[in-house]
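Trainee: no sequence on hand, only this structure:
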């Protein structure tokens, strides 16, 4: 009897762990990227029925119009209207990027060659190059990841496009 | 910012309930579908929640340190009041919801806490309010522009954006504060919580609620009850409701669920 309970305790612990920790984590992973469309069994599978405005106006809908339409037509309807309004002038965007980059480069050049650092800072902030390298590395990873995901999104749905 | 809030929730939960509840609270916030959904919106509520709960954390630290120092001349606590003031300043700069600031004052005004913690002396008061005002103005200098207040009044009077209504379960409701009748149903947030939270977390929340009510005379439990009720009751009664406003409620919800998990469910599973 005692040996039986010894076997049951770890099994019960594992079950508790699975139900109360793994299941919510799995739910969150599975609900992405359309988190606002998630419903538990109490929602009876009627995504978009309860709060269609808030659910549809979520930025997540922008990711792929084809997938959104498959999941919830109301979401697609509102998003398509927003997408039409969301088209920006590429020349203006390009100009802003060039102007921003020129400002940043000018500031860096001034900092390197035009600004004399105070002697009291010598030896301080030595961690900054390492931090810079670390952040550059993160940027590279983010860019590569973004490019791969973008390609995957484009190939998965011909009409899929990102607004960002 | 939403991810940073997990650290703040961890800190606050650890102050009162220990490491296990703190870790689980942060985990539930990080994986919570409602928290993720709201934090992905480019709205001010994420900043509001981060700085509100960060302010609560610093204020709790200040109160605890002041109570110890009065008895034992221990750690200086003025820095915690300054940090709390700065956080509340950023909170107010994020969104003009000053009643969240009042809630923490109300909590420490309760008879149980008035006996335990010393009141704010003049220096603490100046430090808290001073840093709050200073940081608020630094983060939000536009408030000083002469045209800002008239614009705010214009906005509040729906001059810039009109809220016509809100479609919910196939029915249109008025969604502004002025409509006392025909406004959004009172069960809006409760329904949202019930259908958009994973069932095990809902069960843990129920168990945790029983636990905190049972321990209502303890400092941490009474804080959670206050934050839970003083959010859901007034926000349910107001006829205007938005899904994203619920984010401010979720830290209390997840900490209570974590208490339910640790104190009852996991504890009951131990051999």
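Mentor: Perfect, I can see it now. Keep in mind that what you see is a predicted model, and the values were worked out from it rather than measured.
Trainee: what residues does residue B:49 make contact with?
Mentor: By C-beta atoms under 8 Å, 6 or more residues apart in numbering or on different chains, residue B:49 lies in contact with B:5, B:247-248, B:250-251. Where C-beta positions appear, they are placed from N, C-alpha and C, glycine not excepted.
Trainee: any idea which of those is closest to chain A?
Mentor: residue B:247 (12.2 Å; C-beta to the nearest C-beta).
Trainee: okay, that closest one and residue A:135: tell me how far apart.
Mentor: Separation of residue B:247 from residue A:135 (C-beta to C-beta, to the nearest Å) stands at 29 Å.
Trainee: can you pick out the residue with more neighbours from these two?
Mentor: The neighbour count for residue B:247 versus residue A:135, taken as other C-beta atoms under 10 Å in any protein chain shown, is higher for residue B:247 (23 against 10).
Trainee: dump the residue contacts of that one.
Mentor: In this structure, residue B:247 makes contact with B:34-35, B:38-39, B:45-46, B:48-49, judged by C-beta under 8 Å, 6+ apart.
Trainee: remind me what the longest helix seen in chain A packs against, helices and strands.
Mentor: In chain A, assigned by DSSP state H, the helix with the most residues is helix A:128-156. Counting contacts by 3 or more C-beta pairs under 8 Å, 6 or more residues apart in numbering or on different chains; DSSP states H and E, there are no secondary-structure elements packed against helix A:128-156.
Trainee: neighbours around residue B:148, how many?
Mentor: The number of residues packed near residue B:148 is 13, by other C-beta under 10 Å.
Trainee: just give me the neighbour total for the residue lying closest to residue B:259 once chain neighbours are set aside.
Mentor: Setting aside the residues directly before and after it, residue B:259 is nearest to residue B:208 in space (C-beta to C-beta, 6 or more residues apart in numbering or on different chains), at 4.3 Å. If you count neighbours by other C-beta under 10 Å, residue B:208 ends up with 27.
Trainee: average pLDDT across the helix or strand hosting residue B:208?
Mentor: Element membership for residue B:208, per DSSP states H and E: helix B:199-214. For helix B:199-214, the per-residue pLDDT values average out at 92.
Trainee: can you list contacts of the following helix or strand past that helix?
Mentor: Beyond helix B:199-214 in the direction of the C-terminus, DSSP H and E gives the next helix or strand as helix B:219-237. The contact list for helix B:219-237, computed with C-beta under 8 Å, 6+ apart, reads B:15-17, B:60, B:103, B:106-107, B:110, B:112-113, B:116, B:186-190, B:211-213, B:215-216, B:241, B:245, B:248-249, B:251-253, B:255-256, B:259.
Trainee: buried ones in helix B:219-237, by neighbour count?
Mentor: Of the residues in helix B:219-237, those with enough neighbours to count as buried (16 or more other C-beta atoms under 10 Å in any protein chain shown) are B:219-228, B:230-232, B:235.
Trainee: and these, which is closest to residue A:48?
Mentor: Ranking these by separation from residue A:48, with C-beta to C-beta as the measure, puts residue B:235 on top at 23.2 Å.
Trainee: what's the distance between that closest one and residue A:8?
Mentor: For residue B:235, the distance to residue A:8 - C-beta to C-beta - is 44 Å.
Trainee: ok, residue B:143 next?
Mentor: Taken as C-beta to C-beta, the spacing of residue B:143 relative to residue A:8 amounts to 63 Å.
Trainee: just residue B:114 next, same as before
Mentor: As defined by C-beta to C-beta, residue B:114 lies at a distance of 49 Å from residue A:8.
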